Structures are given as structure tokens and as C-alpha cells.
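Chemist: Build me a model from this:
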Amino acid sequence: MRDRREVDDLGTVLGFLRALRGWSQEDLAAAAGLRQSTVSELEQGKKIPKPATRARLLAALDFSPRLVEGVRCLLCALGTAVAAGDLPAAASLDEEIEALAAEFGNLQADLARAALPLMVEDLRRRAPREPSAAQLADPARAREEAAALWRRLEPYTASQRQALVHEGEEFRGWALGERLCAESLRRTAESVVNARELAELAVLVADLLDNDEPLRSRLQGCCGVHLGNALRAGGDLEAAKAAFAQGLPLWRDGATGDRGGLLDEARVLGLEASLRRDQRLLPEALALLDRALTLDRGEERCFLLLNRAKTLEEAHAFDAAIASLQEALPLLAEGHDPRLLWIARFNLLELLEHAGCLDEAEPLVAEVAELAPRYAAKLDRIRVRWLAGRIAAARGRADEALALLREVRAGFAAEKIPYDTALVTLELAALLAERGATAEVKTLARQLAPVFRALGVGREMLASLALFQRAAEQEVVTAALARRLAEELRRVVRAPASSRCELPA
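Modeler: Coordinates of the predicted model:
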């Protein structure tokens, strides 16, 4: 009988050559006329192949015997190094590759350079691993390893990352789950799809955690809450509610497993507060944020303050929201993403305009507009012009305001964003009504019907629109009527994610 090392060598050879062909295990099994489970067991070293099976596999892969032997020899050399405790460190890996490649001659040098890193990774994966609970004794080291693991996973697609986590035990640790949660949170403002995919990967890491049950429950809860946050940011409140309903009990049940409080409770409370805010449960959201700020160890304070500012804004407590945002801005300036700092400044500008603090808001318009080409997305730049138009209108600069609002309306219409198109149309109609420009108001009123239909508003909202349109047709519409319809729209229709400069909170 062959020894275990020969079985392992064959598994790694098969795995590498299969990857070189770009095949899955299913592809190789089909080409060789075998079951996928057989290929899986061989690659994992769990099964010894019969000579005929080995021949069928190698024939299906269709590599020359010399190349196959080159891979096997590389593995043997590397296995000897591992047995002696000389597994190459990442820093010296290039030298090891070149040294071993040279041993096999020019013909196999390229193969050796390609094969060795994969074999090192395979051997590292097979090495004994500390259980997740043991990682808690040295969290700094665990987080460094998690950062390296994330760098390995990052270049792959979502499905490839899932496959790698399933196959590799090194990906099963609390620190990687924590890192993936942080990455999901960071991506929320950029792509809710990416944020959800990373949170789903974090959930998988938590589900595969070893037998430390309280810690696994704690991590599952943490990852589930981050998945709920990604779903919330994408506008799927029902799915977000379900994810939180599943995650929060797991989080609470696993409290004894999080020795040292490594998974930050303040963040979990802050994310729950975001959900409550979007569910319009504002008092509950503010209570959660106050509790989170009390528990915060410093890492989450900035995001908690941003969250609190948004919640207070939706409660129309503009002065308190401004104070919370102003407290967060210096923290954001200390090493955070410059775009995040820009968004916070924009939100402060918007709050100042809402609160009627025009003397403070107007100088900030120029600063935010100047930085917009570097840090703002296209829609964000349109919103800066919108705020500038509102402030010009409030200052009595009607011509400037009309020019800006017409430009903004055209921008939102071109981007097919009905909610913002409807609001700016009504603001423009109000200014035109004050000027007695009844013909243009009539045209704008006629153009609102398809926009409201695109929003899917109910009968009452459509009745209010019909009243506004009749007044416009009769040339008796007033600015107050236009502004009242805009306020009703804001109250009835929740602004979609595309209508906000979204912060991770």
C-alpha cells in the first residue's frame, strides 16, 4: 500500500493541473468518466486511486508525463522542507521558487514558478490550525492574518470566494469574519451589491467556525447583522428585518464566547439603529445610538455620530443633527476616506439649508462644489447644484435659482430618477408661480404625471397632483400649492437610496 504522502502528492498534482486547465472538479470528473465525489476525495488525500483511475485522470488532463512528474517532484521537495520545518515564508518565497525551478531545467521553469505558490498554500492549509477560541489569546496576530487572508480572497468573484472559504480551513476564524464585516460596511456607500456579497461571505465564515459554540453564535450574529445592514442600504427593508431578527438573538446568545469583547457591540447597536431609522422608528433608533455611544471604545464613534445626525435630521431636529455632524467632522478628518469626509460636509450643508442657517451654509457651498469633481459621484454633483439653487432662491436671487433648478431638473430627468425629478420640478414651479410665469408652470405640471406614476404613488397622492394640475391649467396655481405638494411627496414616498449621499451608517 502507498503511504499517505504519496496520496497527498497525487491530490495536489491533480488539483494544480485541474486549475491550470481552468476546470472545476465536475469538469475533470466528466472528462475522466468518474464521479465528482471521487475527484474530491482524491484531491483531499482521502482515497487511494487504482492505477486505472490514475491513468484516466491524467489522460483526461492531457499533460505530458514529464510535466506531471515535474509537479510531483516539486511537491516532494517542498514536502521534505515542510517535514524539516523549513516551509518558505511569504517574504522569501520568490527565492525558493527560483531555486526549485532551476533544479528542473528551463523546460519546466515556468511550471515550477506557477506551481510552487499554489503548493505552499495547499501545505499551509493542511497544517494544524489553532482553533478560533485560541486566536482570542492574540487578537492582534489574528487580525494581521485575517488581513492577509482578505488580500488573497479580494481578487476573486463572489462565487469563487465562497468556494475558497469552503475548501480552506485557514479561512475559518473569527478575525476573518470580523474583517469581512468591516469590508461590507465600507462598501455600502459604493455598491450595495458588493456590500451584500461580502456580508454573505462573512456569514459563511461564521457558519464554518470550529466547535467553540458561544463564539460561533456571537460571530454568526455579528455577520447576520451586517448582512441585514447591506440589505437595508439596498432598500430591501423586509429582508433586512428578517436578517436582523435572525442575527440579534445569535449575537446575544453568544455573549460569553466573545471573551474580551473583540466583536464591537457598539457597531452592532449602531447598525440596528440604522434599520430602526429606515423603518421610521426614530425614538428607538436614537435610544440605540445613545447606548452605543456609551459603550463605544473609540473605533465606532465617528460612524455613530453620523448615524445620529441622519436620524435627528429625519426627526426634523436640525439643530441637534448639525451639532452631531460637527462633532463627527474632526474625527473623519483623521485618516478616513476623503470621499466620506466630502459626503459628511455635503450633509452638513444640506442640514444648514434645511435649518435656514444660510449665513453658515452659503460659504460651504463653494467648498463642497470645489471638491466635488475629485470626491463626488455624478449624482452627488447634481445635488450640490440643487442646494446652491435652493440657497439662491432663499436669498432672493431668483434668476440664479431658476437657472440652477432648470439644470438640476434636466440632470435628474436624464438619469431617470423620478423622486428627485418630481421634487425639483415642484420647487421650480413654486418660483415660477411667484414670478407669474403661468405658461411654464402649466408645462411643468403636465410633465409631472408620468413622473408620479413611475414612483407608484397611491390614489391620494395622485388626487393631490390632479388638483395641482387643474390649478396650473386655470393659471391660478400658487407657490404655496406647489410647495405643499412637494412636502406631501416627501412625507408619503421614502427617498430611494439613489436619492441620498449614502454613508455606511
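Chemist: so who does residue 342 touch?
Modeler: Taking Cβ atoms under 8 Å, 6 or more residues apart in numbering, we find residue 342 in contact with 368, 371-372, 374-376. Quick note: C-beta positions are derived from backbone N, CA and C, even for glycine.
Chemist: Give me the mean pLDDT for the host helix or strand of it.
Modeler: Assessed by DSSP states H and E, residue 342 sits inside helix 338-354. Helix 338-354 comes out with an average pLDDT of 87.
Chemist: give me the element the closest residue to residue 413 other than its chain neighbours is part of.
Modeler: Leaving aside its chain neighbours, residue 413 sits nearest to residue 421 (5.1 Å; criterion: Cβ to Cβ, 6 or more residues apart in numbering). Per DSSP H and E, residue 421 falls inside helix 418-435.
Chemist: I'd like the next helix or strand past that helix.
Modeler: Downstream of helix 418-435 (by DSSP H and E), the next one is helix 438-455.
Chemist: what's the angle from that next one to helix 418-435?
Modeler: 160 degrees (axes from the mean of the first three to the mean of the last three Cα atoms, to 10 degrees).
Chemist: Can you give me the distance of the residue positioned nearest the centre of the chain to residue 419?
Modeler: Among the residues of the chain, the one closest to the centroid is residue 195, at 2.0 Å (Cα atoms, centre = their mean). As judged by Cβ to Cβ, to the nearest Å, residue 195 and residue 419 stand 22 Å apart.
Chemist: What of residue 300?
Modeler: Taking Cβ to Cβ, one finds residue 300 at 31 Å from residue 419.
Chemist: the more surrounded of those two?
Modeler: Counted by other Cβ atoms under 10 Å, residue 300 and residue 419 do not tie: residue 300 has more neighbours, with 22 against 19.
Chemist: Next, give phi and psi for that one.
Modeler: Backbone geometry at residue 300, expressed as degrees, to the nearest 10, gives phi -110, psi 0.
Chemist: what sits against it?
Modeler: By Cβ under 8 Å, 6+ apart, residue 300 lies in contact with 264, 266-267, 270, 292.
Chemist: Show me just the buried residues among those residues.
Modeler: Buried members of the contacts of residue 300, counted by 16 or more other Cβ atoms under 10 Å: 264, 266-267, 270, 292.
Chemist: In helices, which of these fall?
Modeler: Mapping the buried ones among the contacts of residue 300 onto helices (DSSP state H) picks out 266-267, 270, 292.
Chemist: Just the closest of those residues to residue 459, please.
Modeler: residue 270 (38.1 Å; Cβ to Cβ).
Chemist: list the contacts for the closest one?
Modeler: Residue 270 makes contact with 288-289, 292, 300, 303-304, 307, 505, according to Cβ under 8 Å, 6+ apart.
Chemist: Grab the nearest non-local neighbour of residue 57.
Modeler: Excluding the flanking residues, the one nearest residue 57 by Cβ to Cβ, 6+ apart is residue 32, at 5.0 Å.
Chemist: quick revisit: so which of the contacts of residue 300 sits lowest on pLDDT?
Modeler: pLDDT across the contacts of residue 300 is lowest for residue 264, at 86.
Chemist: and residue 371, what pLDDT?
Modeler: Here, the pLDDT recorded for residue 371 equals 84.
Chemist: downstream neighbour of the helix holding residue 342 in the secondary structure list?
Modeler: The helix or strand immediately downstream of helix 338-354 is helix 358-375, counting by DSSP H and E.
Chemist: in that following helix, what counts as buried?
Modeler: Going by neighbour count (16+ other Cβ under 10 Å), the buried part of helix 358-375 is 361-362, 364-365, 368-369, 371-372, 375.
Chemist: now residue 384: how far from residue 345?
Modeler: 10 Å.
Chemist: With residue 386 instead?
Modeler: Look at residue 386 and residue 345: by Cβ to Cβ, they are 16 Å apart.
Chemist: the more surrounded of these two?
Modeler: Using other Cβ under 10 Å as the criterion, residue 386 and residue 345 rank with residue 386 on top: 23 against 19.
Chemist: Name the nearest residue to residue 242, sequence neighbours excluded.
Modeler: Counting by Cβ to Cβ, 6+ apart, residue 242 lies nearest to residue 228, which is 7.8 Å off, once chain neighbours are set aside.
Chemist: Any idea how many residues pack against that neighbour?
Modeler: By other Cβ under 10 Å, 27 other residues sit near residue 228.
Chemist: Go ahead and confirm it touches residue 238.
Modeler: No: contact criterion Cβ atoms under 8 Å: residue 228 and residue 238 do not qualify, at 10.9 Å.
Chemist: Can you pull out the low-pLDDT segments for the stretch 1-150 of the chain?
Modeler: Counting by pLDDT under 70, the stretch 1-150 of the chain has low-confidence residues at 1-12, 20, 64-67, 69-137.
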